[in-house]
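Visitor: from the sequence below, what's the structure:
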Amino acid sequence: MHEITENEVLLRKSEEFQKIISQQKEIITQLRDEREELTNSINKFKTLSDELNNSLNNIYKSNGWKFLSKYYRIRDTLKIASVIKKKPANLKESLNTEESNKVSIIIPVYNNAQFLKKCIQSALDQTYENLEVIALDDCSTQTDVEKILNSFKDHKRFRYYKNEFNCGISKTMNNAIIKAQGEWIAFLDCDDWLDLNAIEKMMNCLNRKPGALYAYSDRYNDIEMDRTQVIESFRVRPTENYLNELLIGMYTSHLKVIHQSVFLKIGLHESRFDGAQDYDIALKTAFHFGDAFAYLPEPVYHHRIHNKQTTIESANKIEEIVRTIKEETKKKIAIRNGLSNKFVSFVILSFEKKEMTAQCIESIKRTVKVPHEIIVFDNSSSEDTVSYLKDNIEHIEGVSIYYSEVNLGCPGGRRKATKLAKGDYIINLDNDIIVTDEWFEELIVRAESSTNVGAVCCKTVFPDGKVQFNGGRYVIDNEFITFILTDTEKNEKDISTSEWHECDWVPGGATLFKREVVEQIEYSEGYINAFEDNDVALQISRLGYKMLNCPSAKVYHYHIMQNSEQINKEKNYMRVRYNNDGFVNSMLNFYERNQLIINDGFVHRLMGVEGKEQDQIKHKINELTKQYSETLSPERTLDRG
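Guide: Below you'll find the model as predicted:
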C-alpha cells in the first residue's frame with residue numbers, strides 16, 4: 001500500500017488552493033461585468049431623468065400649463081367651498097378661505113452662495129399665484145450672497161432684508177415671519193429648492209383637511225457628493241395622535257407650511273433651540289392644536305446634502321436641545337393633567353370690581369389643575385363688595401380672603417398678601433384679569449427653563465385687543481431711568497408680539513415670582529401707589545436672576561370699563577387707589593433707594609418740573625427728597641416679603 005508522503009499532502013493542498021483562487025477570480029470578473037452593466041444602466045436612467053426633468057420644466061413654464069393648473073385650482077376651490085358650506089362654521093375651518101390663502105415663502109440666508117440662486121428661483125417660479133418670497137440674510141460672509149440677492153430685487157414677488165448683526169437661525173426666521181404679509185408661512189432653506197408646483201400641492205392638501213394649520217410633505221434627499229437622489233417618505237408615520245408620535249421623534253418636516261395663528265398662540269422660534277427649532281415648533285403645535293396637521297405623501301421639496309460637515313460637538317449639542325424640548329413638552333402635559341411637585345400661590349389684589357374678582361377666580365380654577373391656593377387681599381372695598389365676597393367667594397375651595405380696614409395701595413396690598421403665600425411660585429394677578437387656556441403650563445415651563453430665572457410675566461392684553469405689556473426694558477441716562485413697556489399699544493394679532501425676550505424689568509400685575517427670589521427681595525413701605533415693581537425688578541437683576549416674558553401665556557386685563565355705571569366706579573376706584581402725594585413720595589423713595597430719577601411726565605408735572613432740563617429736575621428731586629426724609633419715622637425702613 002502506497003504511503004502518502006508529506007510532500008504529496010502539501011501538493012494536493014496547493015492544487016485545492018489554486019482551484020479556489022481560480023473560482024474567486026471568475027466571481028470577481030463576473031461582479032466587475034455586472035458593475036459595468038449597472039453603471040451603464042444608472043447613466044442611462046440619469047440621462048432619461050434629466051430629459052424628463054427638462055421636459056417637465058418646459059411644461060411647467062408654458063402658458064398652457066399655467067392656464068390648466070389655474071383652472072383645476074379654481075375648480076377644486078369651488079368644490080371645497082361647496083362642501084364647507086354644508087358644515088357648521090368654526091374658527092379653524094374659516095382659516096381655509098380664498099381671502100386668507102396668501103403664502104409667504106421665507107428663506108433664511110447664511111452663505112451657500114453656490115446654491116442660493118437655484119433656491120430663490122424655485123420659489124419665485126411656483127405655479128401658486130398668491131405668493132411672496134422673503135429672503136433674510138444673517139450677515140453672510142460670502143460676498144456673492146449680496147450680489148445674488150440684489151439680482152432678484154426687481155422681481156414683483158421678491159423682497160429681501162439683512163440683519164444688523166449675525167443672529168442665528170431662529171431669530172432670522174422670526175424676523176422674516178414678522179415681515180411676511182401672508183397668512184401662511186412656508187419654510188425653505190437657502191441650499192435647498194422646491195418643485196415648481198410644491199406650494200400649490202401643499203395648499204390643496206391643506207384645503208382637503210378643514211381645520212389644518214400645519215402642513216408637511218415627503219422630500220427628495222439630493223446627495224451632492226455622488227449626484228444621487230433618495231426619496232424620504234413619512235408614509236409609515238401615523239397621521240393621528242401627533243403629540244405622542246412627535247415625542248418619539250421629528251417627522252413633520254420638509255416642506256412645512258404653517259398658519260400665522262399658530263405662532264400667535266405658541267410664540268415664535270426660541271433661539272435657545274437653534275439647530276432643532278423646527279422640532280420645538282412641531283411639538284408646541286401638537287400640544288396646543290392636537291391633530292391640526294395635513295400630510296402630503298409625495299416629495300416636493302429637495303433637501304440638498306453636501307460637504308458641510310456637522311461636528312461631533314455640534315451633534316451632541318443638538319441632541320441635548322432635543323432632549324430639553326421633549327422634557328419641556330412632557331412637563332406641560334403633566335401640568336395639564338394636574339401633576340406637579342410645585343405648589344402655586346395666586347395672589348389677587350382686590351378693590352371693588354366684585355364681579356371681575358369672581359370671574360378672575362373662575363378662570364384660574366378652569367385652567368389650573370395642579371395643587372394651588374388663591375389668596376384674595378381686599379384693599380378696603382365698600383360694604384357692598386365685601387358682602388359679595390363673603391357670600392359668593394369665601395366658600396370656594398382653596399380660596400382665602402383677607403380684608404384690610406384701610407386701603408394700602410397696590411404696593412402695600414401686594415406686600416401684605418405676598419407674606420401670606422405658601423407656594424413655590426407666587427403669581428400676582430389684578431382682580432380684573434381673566435386668564436386664557438393653557439396659559440399656566442406655558443408660564444411654569446418658561447419659569448423652569450433655567451435655574452437663574454427669577455420672574456416671568458404674561459402677555460397682557462386689554463379687551464380691545466391692544467397689548468398692555470409683554471415684558472419691559474429700561475434706559476439709563478445721566479442718573480435718569482426710563483421704564484418702557486414692551487409691545488404696548490400693539491395689536492395682539494401683531495406677530496411681533498409673539499417674540500421671546502429677556503427683560504430688564506417686569507410689571508407686577510400678571511407675573512410669576514419664584515419663592516427663592518421673593519425671600520431675598522426687600523419690599524419698601526415707601527411705595528404708596530407706584531414704582532414698587534420697578535424697584536423689585538432692579539433687585540432681582542442685582543441678585544443675579546433673569547426676568548423673562550412669556551408670549552404664549554396670554555391674559556386679558558379688563559382695566560377699562562365698558563358702560564357708564566362701570567366708568568363711574570372706575571373713576572372712584574382711581575381716586576381712592578391713587579393720590580398725587582402718593583405718586584410723588586413713591587418717586588422720591590425710588591430715588592433714595594436706587595439713586596436714579598424715574599422719567600415719568602405725570603409725576604414730574606405734579607412736582608412742577610415737567611419739560612424742565614435734567615439739572616432742574618434733579619435739583620427739585622433733591623429738595624423734595626430732603627423734605628420727604630425728614631417726615632419719615634426712624635423705624636420705617638424696609639419690609640422683607
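Visitor: so where is the protein shaky, pLDDT-wise?
Guide: Low-confidence segments of the chain (pLDDT under 70): 1-17, 20-21, 23-24, 27-28, 31, 34-100, 308-312, 560-579, 631-641.
Visitor: in it, which residue is most central in space?
Guide: Gly267 (2.3 Å; C-alpha atoms, centre = their mean).
Visitor: OK, contacts around that one?
Guide: By C-beta atoms under 8 Å, 6 or more residues apart in numbering, Gly267 lies in contact with Lys284, Ser498, Glu499, Trp500, Cys550, Pro551, Ser552. To be clear about C-beta, it is placed using only N, CA and C from the backbone, and glycine gets the same treatment.
Visitor: pipe these into JSON lines and attach neighbour count per row.
Guide: Output for these, formatted as JSON lines (neighbours: other C-beta atoms under 10 Å):
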{"residue": "Lys284", "neighbour count": "24"}
{"residue": "Ser498", "neighbour count": "26"}
{"residue": "Glu499", "neighbour count": "22"}
{"residue": "Trp500", "neighbour count": "21"}
{"residue": "Cys550", "neighbour count": "27"}
{"residue": "Pro551", "neighbour count": "27"}
{"residue": "Ser552", "neighbour count": "25"}
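Visitor: just to check, Ser271 is in contact with Thr172?
Guide: No: judged on C-beta atoms under 8 Å, Ser271 makes no contact with Thr172 at a distance of 9.8 Å.
Visitor: which one's more surrounded, the two?
Guide: Per other C-beta atoms under 10 Å, whichever of Ser271 and Thr172 has more neighbours is Thr172, with 26 against 15.
Visitor: for the more buried one, phi and psi?
Guide: Phi and psi for Thr172, reported as degrees, to the nearest 10, are phi -60, psi -40.
Visitor: next one: it from Phe187, what distance?
Guide: Distance, Thr172 to Phe187, by C-beta to C-beta, to the nearest Å: 12 Å.
Visitor: now do the strands in the stretch 401-550 of the chain.
Guide: 425-430, 433-435, 453-461, 467-469, 472-477, 480-485, 502-503, 510-514, 522-524, 546-557 (DSSP state E, counting those that start in this stretch).
Visitor: dump those strands to JSON lines, plus distance to Tyr110.
Guide: Putting the strands of the stretch 401-550 of the chain into JSON lines (distance: least, C-beta to C-beta, whole Å) gives the following:
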{"stretch": "strand 425-430", "distance to Tyr110": "39"}
{"stretch": "strand 433-435", "distance to Tyr110": "39"}
{"stretch": "strand 453-461", "distance to Tyr110": "30"}
{"stretch": "strand 467-469", "distance to Tyr110": "32"}
{"stretch": "strand 472-477", "distance to Tyr110": "28"}
{"stretch": "strand 480-485", "distance to Tyr110": "31"}
{"stretch": "strand 502-503", "distance to Tyr110": "24"}
{"stretch": "strand 510-514", "distance to Tyr110": "36"}
{"stretch": "strand 522-524", "distance to Tyr110": "46"}
{"stretch": "strand 546-557", "distance to Tyr110": "26"}
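Visitor: return stretch 488-498 as PDB; C-alpha atoms alone will do.
Guide: Below are the C-alpha coordinates for stretch 488-498, written out as PDB (Å, rounded to 0.1, in the frame of the first residue of the first chain):
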ATOM      1  CA  THR A 488     -47.500  98.300  24.500                       C
ATOM      2  CA  GLU A 489     -50.300  99.600  22.200                       C
ATOM      3  CA  LYS A 490     -49.600  96.900  19.600                       C
ATOM      4  CA  ASN A 491     -52.500  94.700  18.400                       C
ATOM      5  CA  GLU A 492     -52.500  91.300  20.000                       C
ATOM      6  CA  LYS A 493     -52.600  89.800  16.400                       C
ATOM      7  CA  ASP A 494     -49.300  91.500  15.500                       C
ATOM      8  CA  ILE A 495     -47.000  88.600  15.100                       C
ATOM      9  CA  SER A 496     -44.100  90.500  16.600                       C
ATOM     10  CA  THR A 497     -45.800  90.300  20.000                       C
ATOM     11  CA  SER A 498     -45.000  86.500  19.800                       C
END
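Visitor: for it, buried residues please.
Guide: With burial defined by 16 or more other C-beta atoms under 10 Å, the residues of stretch 488-498 counted as buried are Glu492, Ile495, Ser496, Thr497, Ser498.
Visitor: identify the residues contacting the last one.
Guide: Applying C-beta under 8 Å, 6+ apart, one finds that Ser498 lies in contact with Phe263, Leu264, Ile266, Gly267, Leu268, Pro551, Ser552.
Visitor: inside helices: which ones of those?
Guide: Of the positions in those, Phe263, Leu264, Ile266 sit in helices, assigned by DSSP state H.
Visitor: which residue packs closest to the second one, ignoring adjacent ones?
Guide: The spatial neighbour of Leu264 that comes closest, neighbours along the chain excluded (C-beta to C-beta, 6 or more residues apart in numbering), is Ser498 at 5.6 Å.
Visitor: gap between the one you found and Leu596?
Guide: For Ser498, the distance to Leu596 equals 32 Å [C-beta to C-beta].
Visitor: show me the contacts for Trp505.
Guide: Gly472, Arg473, Tyr474, Phe483, Asp533, Asn534, Ala537, Leu538, Ser541, Met547.
Visitor: do Val399 as well
Guide: If you count contacts by C-beta under 8 Å, 6+ apart, Val399 has them with Ile361, Glu373, Ile374, Val376, Ile393.
Visitor: quick check: beta-bridge partners of it?
Guide: Beta-bridge partners of Val399, counted by DSSP bridges, are Ile374.
Visitor: and for Met225, the neighbour number?
Guide: For Met225, the neighbour count with other C-beta under 10 Å is 8.
Visitor: surely it meets Arg304?
Guide: No: at 10.9 Å, Met225 and Arg304 do not qualify as touching, with contact defined as C-beta under 8 Å.
Visitor: any idea how far the residue nearest to the centre of the chain lies from Ile540?
Guide: Computed as C-beta to C-beta, the Gly267 to Ile540 distance reads 22 Å.
Visitor: Gln114 now?
Guide: As judged by C-beta to C-beta, Gln114 and Ile540 stand 49 Å apart.
Visitor: just Leu194 next, same as before
Guide: For Leu194, the distance to Ile540 (C-beta to C-beta) stands at 47 Å.
Visitor: check contacts around Trp193.
Guide: Shown in contact with Trp193 (C-beta under 8 Å, 6+ apart): Phe115, Lys118, Cys119, Gln121, Ser122, Ala123, His302, Arg304.
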